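**Q** just a sequence and a predicted model for now, questions to come.
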Amino acid sequence: MLLVTSHCTKYLAVVALLAFVAQSSFAEPKEGLADSAVVIQAKDYDSIQAAVDAIPEQGGMVVLPAGTFELQEPLVIRTERTRITGAGPATHLVNKNEEGQPAIQIRPDGYAENKKLRLWQVQLDHFQISGNPKSGDGIHAAGIEEIFIQGLSIHHHGRHGIFLDFCYEDPRISDCLITYNKQAGVNLLGCHDIVVNANHFEENLDGVRCLDGFNLTMNGNNLDDHLGNGVIIENTYGSVVSGNMIEECEGWGIILDRDCYGITLSSNVIAHELKGGIDLRDAWGCAISANTFTIVHQAAVHVGENSGRLNISANTFSNSDMGGEIRRKLEHKVPMQRDAGAGIVLEKTEDILITGNLFSGMDGAAVKCESEDCERIHIVGNLVTDYGRKAEQPVAFEVPENESIQLQNNMIGPAKMPRQEAGR
């Protein structure tokens with residue numbers, strides 16, 4: 001038998017049951033099935049898998065008690081309209097598998113042979129899952145529509161924290177703590193109408209990867225100390241990444257690549273990135289607006305030769321200046337600890353609007369064209385001050401002089417303004 005729940009856990013289970021019953025009363029049961037789903041107490045079964053296997057086709061909820069439960073092989077969920085809920089972090093599933101298997105596997109029976117099979121409405125909430133360097137994903141869900149993952153702590157897995165594999169319709173991940181996973185915190189492949197909201201990501205390889213998808217909505221997340229990149233979006237359109245804190249990535253804060261278009265990156269704080277802020281490798285018709293780039297090394301916004309038709313407006317680019325003092329060290333043996341300020345770097349690109357931005361404390365130029373072949377670059381109404389701090393000959397805008405590049409109504413302040421370290 002599993003461990004008996006505490007009074008607190010019983011109370012949480014009752015609250016969860018009432019909420020579930022209230023919601024399930026609106027569902028239309030399939031013909032020939034029971035009129036209502038079931039609620040299963042996992043403590044009454046020999047194993048969590050046995051409790052999950054007891055869920056009927058109609059669906060139901062498994063309530064996990066507090067305690068630590070070791071998994072030698074994946075916990076497999078095969079039914080739809082299913083909820084697995086726990087007692088918060090007191091419910092701890094530990095993946096002991098060292099053969100690359102996930103802690104939790106969610107997929108229809110027969111999915112390996114028929115990728116068109118689907119399950120609907122699976123929810124996981126309020127427990128923690130840990131792995132080891134040789135384990136697989138924390139959660140691997142394949143072919144699950146309307147999956148909902150909330151309030152989980154997912155950490156130390158050998159692959160991704162969460163891998164949603166063609167969970168096409170309305171996947172939602174919110175209020176989770178996703179940390180120390182060897183690959184991405186969340187890996188989204190072939191998903192649509194995605195919500196990733198109010199999660200913490202720390203020290204995964206990458207924070208979030210969204211590949212071959214549509215309509216990502218990513219708001220209010222905190223991403224910190226990633227060994228690779230913060231957010232990678234590829235072959236995806238019609239998405240918004242806004243209001244996120246993305247800090248101290250060894251790579252880039254955000255990357256758009258492989259035919260991205262119609263994406264808005266707005267109102268994010270992108271701070272202390274070692275490689276750079278936003279890398280637009282293959283992005284078209286996108287807006288990069290109202291972001292704050294501070295202490296970003298190399299390039300705050302990089303526009304690659306396969307990108308164009310971009311609006312880069314109303315952003316703030318800065319170093320660690322605090323009105324006369326520099327918060328970070330001007331020189332330090334650890335590159336991440338050095339003061340830095342980077343602007344916009346353009347490769348061979350076209351149709352770029354750069355307007356209404358503030359550039360201050362720049363190591364080099366506010367805007368730099370790496371190629372003479374940039375076309376229709378309109379740089380208008382920006383303010384640049386304290387630029388070229390690490391350049392022999394400071395230049396506010398390092399761009400070719402040709403008719404296809406227009407500089408209009410920009411205000412340029414003094415270069416290399418004297419500053420001293422704040423001493424803290």
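**A** Done, it's in.

**Q** tell me which residues in stretch 65-72 are buried?
**A** Neighbour-count burial for stretch 65-72, with 16 or more other Cβ atoms under 10 Å as criterion, is recorded at 65-67, 69, 71. Heads up, the C-betas are built off the backbone N, CA and C, glycines and all.

**Q** same check, this time on stretch 260-269
**A** 260-261, 263-269.

**Q** for stretch 381-396, same thing?
**A** By 16+ other Cβ under 10 Å, the buried positions in stretch 381-396 come out as 382, 384-389, 394-396.

**Q** okay, how far is it across that stretch, tip to tip?
**A** Taking Cα to Cα, to the nearest Å, stretch 381-396 runs 13 Å from one end to the other.

**Q** please work out the average pLDDT along stretch 266-281.
**A** Averaged across stretch 266-281, pLDDT comes to 96.

**Q** now that stretch, how far from the centre of its chain.
**A** 13 Å (Cα atoms, centre = their mean, to the nearest Å).

**Q** and the helices in the protein?
**A** 7-24, 48-53 (DSSP state H).

**Q** pLDDT averaged over stretch 122-129 - what is it?
**A** Mean predicted confidence for stretch 122-129 is 98.

**Q** got the end-to-end distance for that stretch?
**A** 17 Å.

**Q** try stretch 111-127
**A** End-to-end distance for stretch 111-127: 26 Å, by Cα to Cα.

**Q** got the buried residues for it?
**A** Buried residues in stretch 111-127, defined by neighbour count with 16+ other Cβ under 10 Å: 111, 118-119, 121-127.

**Q** against A42, how distant is G388?
**A** 64 Å (Cβ to Cβ, to the nearest Å).

**Q** rewinding a little: among the buried residues of stretch 65-72, which are in strands?
**A** If you go by DSSP state E, the buried residues of stretch 65-72 have 67, 69, 71 in strands.

**Q** from those residues, which is closest to I104?
**A** Nearest to I104 among these is L71, at 8.4 Å by Cβ to Cβ.

**Q** quick check: S130 touching N97?
**A** No. S130 lies out of contact with N97 (Cβ atoms under 8 Å); the separation is 12.0 Å.

**Q** follow-up on the earlier one: weakest of the helices of the chain in terms of mean pLDDT?
**A** helix 7-24 (a mean of 39).

**Q** report the two of the buried residues of stretch 65-72 separated the most.
**A** So, the buried residues of stretch 65-72 by Cβ to Cβ: farthest apart are A66 and L71, at 16.6 Å.

**Q** which residues touch stretch 102-120?
**A** 71, 74-81, 93, 95, 97, 122, 124, 129, 131, 135-147, 157, 159, 163, 166 (Cβ atoms under 8 Å, 6 or more residues apart in numbering).

**Q** out of these, which end up buried?
**A** For those, buried by 16+ other Cβ under 10 Å: 71, 74-75, 77-81, 93, 95, 97, 122, 124, 129, 131, 135-147, 157, 159, 163, 166.

**Q** among those, which are in strands?
**A** For those, the ones inside strands are 71, 75, 77, 93, 95, 122, 124, 129, 139-142, 144-145, 163, with DSSP E as the criterion.

**Q** out of those, which comes closest to E401?
**A** Looking across those and measuring by Cβ to Cβ, the closest to E401 is F163, at 50.1 Å.

**Q** the closest one is in contact with I144, isn't it?
**A** No. In this structure F163 lies outside contact range of I144 using Cβ under 8 Å: 11.3 Å.

**Q** taking the buried residues of stretch 111-127 together, which two end up most distant?
**A** Among the buried residues of stretch 111-127, Y111 and H126 lie farthest apart (Cβ to Cβ), at 26.5 Å.
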